[in-house]
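Participant: Pasting the sequence and the predicted coordinates here, then a few questions.
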Amino acid sequence: MGILAWIIVGLIAGAIAKAIYPGFQSGGFIATTLLGIIGAVIGGFVGSSLFGLAFTGLTIQGILIAVAGACLALFIYGLVTRTAV
């Protein structure tokens with residue numbers, strides 16, 4: 001169930017991050033899901049390291065952490081591909 005939760009939260013987080021992050025980002029459904037999963041990992045790591053927050057999966061806190069991480073991942077992806085705003 002853990003992997004399925006990461007995929008579901010990743011899909012939600014990736015879609016929300018693409019909606020709130022300014023500018024044009026390329027990528028479809030798979031890229032959005034991968035971005036969200038990477039964001040969940042980044043958000044969980046940063047949240048636990050700096051603030052003592054834990055990635056709790058399908059909760060509001062878990063989704064917010066994953067969205068913040070997905071926005072960070074989207075920013076880094078934009079810098080690497082030169083599509084940053």
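Facilitator: Yep, that arrived.

Participant: any idea what sits nearest the residue positioned nearest the centre of the chain, other than its immediate chain neighbours?
Facilitator: In the chain, the residue lying closest to the centroid (Cα atoms, centre = their mean) is A70, at 2.3 Å. Spatially, and ignoring its direct neighbours in sequence, A70 is nearest to G39 (2.7 Å; Cβ to Cβ, 6 or more residues apart in numbering). The way it works is simple: take the backbone N, C-alpha and C, and place the C-beta from them, glycine included.

Participant: wait, doesn't the one you found sit right on L64?
Facilitator: No - taking contacts as Cβ atoms under 8 Å, G39 lies outside contact range of L64: 11.1 Å.

Participant: which one of those two has more residues nearby?
Facilitator: Applying other Cβ atoms under 10 Å to G39 and L64 shows that G39 carries more neighbours, namely 26 against 15.

Participant: check which helix or strand covers the nearest residue to I16 once chain neighbours are set aside.
Facilitator: Spatial nearest neighbour of I16, chain neighbours left out: V67 (4.9 Å); criterion: Cβ to Cβ, 6+ apart. Using DSSP states H and E, V67 falls within helix 60-81.

Participant: and that helix, which residues are buried?
Facilitator: Neighbour-count burial for helix 60-81, counted by 16 or more other Cβ atoms under 10 Å, picks out 62-63, 65-74, 77-78.
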